[in-house]
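Asks: I'd like to go over a predicted model; first the sequence, then the structure.
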Amino acid sequence: MSQPILVSACLLGLQTRYDGASKNHPGVQDWLSRHQRIPVPVCPEQLAGLPTPRSRTFFQAGAGHEVLEGSAQVVSEHGDERTAVFLRGARETLKIARLCGCRQALLKERSPSCGVHEVYCGEEKITGLGVAAALLQRSGIEVFSEEDLDAIQT
């Protein structure tokens with residue numbers, strides 16, 4: 001029986017990225033097909049109500065877990081505080097995971113919402129998770145990025 005898996009919509013070719021583009025990843029589609037997984041496309045930033053295209057965002061300090069703890073912020077490239085918006089998108093993403101019975105999520109690396117191993121703090125790449133990835137992980141959902149396809153246990 002096929003299992004549902006949350007997938008960053010941009011990896012599936014949907015134009016949901018901040019710049020209005022996609023990050024279509026043929027390897028993701030191939031992996032889903034080979035493992036007979038049902039993709040549940042999500043974009044936490046769109047689920048939070050942000051438009052597409054939208055301003056580029058990054059962490060001002062820390063990463064997703066620190067945002068969940070209240071000790072870090074997400075800001076736009078113009079200096080607008082976006083932490084509450086990113087938390088709302090993370091919560092909506094978790095609701096979808098639970099509604100669809102997803103136990104895993106395949107997310108876009110380095111995104112402030114979906115990053116699994118790295119995110120941007122200002123212009124610097126740091127080790128950490130995006131806000132949605134951190135909330136999903138804390139809620140018992142395994143998170144992986146498109147860079148982990150060979151390591152995902154089905």
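Replies: Cool, the structure landed.
Asks: only C-alpha atoms for contact and neighbour calcs from this point on.
Replies: Will do.
Asks: Contacts for the longest helix seen in the chain, please.
Replies: Ordering each helix of the chain by length in residues (DSSP state H) puts helix 83-100 first. The contact list for helix 83-100 (Cα atoms under 8 Å, 6 or more residues apart in numbering) reads 4-6, 40, 42-50, 67-68, 73-75, 103, 113, 131-133, 135-136.
Asks: cool, and stretch 125-138?
Replies: 44, 62-65, 67-68, 86-87, 89-91, 93-94, 107, 110-120, 142-143.
Asks: Helix or strand next in line after the lowest-mean-pLDDT helix or strand in the chain, which one?
Replies: Within the chain, no helix or strand scores below helix 26-34, which has a mean of 94 by mean pLDDT, DSSP states H and E. The element immediately downstream of helix 26-34 (helix or strand, assigned by DSSP states H and E) is strand 37-42.
Asks: Now that next one: buried residues?
Replies: R37, P39, V40, P41, V42 (16 or more other Cα atoms under 10 Å).
Asks: What is the nearest of those residues to D30?
Replies: Closest approach to D30 among these (Cα to Cα): R37, at 10.3 Å.
Asks: wouldn't that closest one be in contact with V28 here?
Replies: No - R37 is beyond contact range of V28, at 10.6 Å (criterion: Cα atoms under 8 Å).
Asks: Give me the nearest residue to G115, chain neighbours excluded.
Replies: E109 (4.2 Å; Cα to Cα, 6 or more residues apart in numbering).
Asks: tell me the secondary structure for I126?
Replies: Secondary structure, DSSP: H, G, I helix; E, B strand; the rest coil: I126 is strand.
Asks: and the gap between it and G115?
Replies: 10 Å (Cα to Cα, to the nearest Å).
Asks: now the strands for the chain?
Replies: For the chain, applying DSSP state E gives strands covering 3-8, 37-42, 57-59, 74-76, 104-107, 118-121, 124-127, 142-145.
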